[in-house]
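> Pasted the sequence and its predicted model underneath.
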Amino acid sequence: MTASQLNTPAQRRVYRQLLKYPDGATPYEVRKGLGGNVHNGTVQNAIRQLCRKGLVKHVGSCLDPERKAHGSEPAEVYCAVELMAEAV
């Protein structure tokens, strides 16, 4: 992965946080890990941008109330894709 793929501080922080969850994390879990001053939209936008770049993939959804913020609809689960440096 090159540094140019993570353009904003939010993308870098969200990607680093997702790397801590090998099985994937919901946006709510990412927000909890980043701290209380992070808005839900900031996390959602960063995840959406990272998905477009191929650095994060959608791996499913969950209904576990401890893994989602609120509501009865399922929470999406995302996983960071670790890019290996090519050996020369």
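Alright, I've got the coordinates.
> Around residue 70, how many other residues sit close by?
Other residues within reach of residue 70 by the criterion other Cβ atoms under 10 Å amount to 8. All C-beta spots, glycine's among them, are computed from the backbone N, C-alpha and C.
> do the same with residue 78
23.
> So what does it have for phi and psi?
Taking degrees, to the nearest 10, you get phi -120, psi 150 for the backbone angles of residue 78.
> these two touch, right, it and residue 58?
Yes - using Cβ atoms under 8 Å, residue 78 is in contact with residue 58, at 5.8 Å.
> Now do the shared contacts for the two.
Shared contacts of residue 78 and residue 58, defined by Cβ atoms under 8 Å, 6 or more residues apart in numbering, are found at residue 51.
> my guess is residue 10 meets residue 45, correct?
Yes - here residue 10 reaches residue 45: they are 7.3 Å apart, a contact under Cβ under 8 Å.
> Show me which of these two is the more surrounded one.
Set side by side, residue 10 and residue 45 show unequal neighbour counts under other Cβ under 10 Å, the larger going to residue 10 at 19 against 15.
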